[in-house]
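Enquirer: Okay, predicted coordinates and the sequence, questions at the end:
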Amino acid sequence: MKKYIGVIVMMLFAGTTNAQILLKGGVREKGSGKKLSDVFVKDNNNKEITLTDKNGNYAIRAITGHLLIFSSPGYISDTLYLVNTAPKFVELQSMPTSLGEVNVRSSRVAFDPRSEYPDVYEKAKIYPLSPSTIFSRESRNARKLKKYFAHEEQDRYIDDTYSKLYVGGIVPLKGKELEDFMSMSRPSYAFLRKTSGAELLLYVNDSYRKFKALPPDQRSSPQLSGQ
């Protein structure tokens, strides 16, 4: 009997250890091999999340049989089914340039990180009498994710306010030309939050005037305004 109890205890301990495995790996851009930072990595089974660091590396709690999702604006999302817990390296394919930056942004679905990932906001809190909330890997990662979510929320606010439907109803541009104009004239979150509807209309018209004054081969990439 003691023998069987010992086997059961060992199995339970093994299961607990397995559940705490910290899977490591990296994310690069397909073709160029460029290290991709701030790629959102999510374990679709246990809902663990993290971001890649400046060197494109990540570490996330996961086990065999789980599905990891890798996503980043401007890149085609990829998934990885874990057949083992050896380090995993992923290459993300950049979005075709014909899609345009505007289409990439507008394809994002709405999300509420505070309700979807409440643990992140709780772990991001700092308590003066608790050093672990300042220095632990988990707390530092939570604060990084919180900052990432804030940036995402701002980007999505800009997408909703400065939309193709709104801008396309003001300027006589369509297709790729409209996308290039919107990419170049894309306003900041701070600017939109303090700008009235009438002021935004003036901003679009003024940006369009600057856009049309540019030589055709320069009507892409750099922003027209420092807003």
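Expert: Here it is on my side, so go on.

Enquirer: Which neighbouring elements make contact with the longest strand seen in the chain?
Expert: For the chain, the strand with the greatest residue count under DSSP state E is strand 22-29. Other elements packing on strand 22-29 under the criterion 3 or more CB pairs under 8 Å, 6 or more residues apart in numbering; DSSP states H and E are strand 57-61, strand 88-92. Using the backbone N, CA and C atoms, a C-beta is placed for each residue, glycine as well.

Enquirer: how about the longest helix belonging to the chain: buried residues?
Expert: Counting residues, the longest helix found in the chain (DSSP state H) is helix 137-161. Within helix 137-161, the residues scored as buried using 16 or more other CB atoms under 10 Å are 139, 141, 142, 143, 144, 145, 146, 148, 149, 156, 158, 159.

Enquirer: Redo the helices and strands packed on strand 22-29 as TSV? Include mean neighbour count and mean pLDDT.
Expert: Below are the helices and strands packed on strand 22-29 laid out as TSV (neighbours: other CB atoms under 10 Å; pLDDT from 0 to 100):
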stretch	mean neighbour count	mean pLDDT
strand 57-61	18	95
strand 88-92	18	96
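
Enquirer: Distance to residue 51 added to the ones you listed, as JSON lines?
Expert: Formatted as JSON lines, those follow (distance: least, CB to CB, whole Å):
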{"stretch": "strand 57-61", "distance to residue 51": "7"}
{"stretch": "strand 88-92", "distance to residue 51": "14"}
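
Enquirer: so which of the ones you listed comes closest to residue 217?
Expert: Residue 217 sits nearest to strand 88-92 of all the helices and strands packed on strand 22-29, at 29.4 Å, using CB to CB.

Enquirer: how big is the angle separating that closest one from strand 57-61?
Expert: 120 degrees (axes from the mean of the first three to the mean of the last three CA atoms, to 10 degrees).
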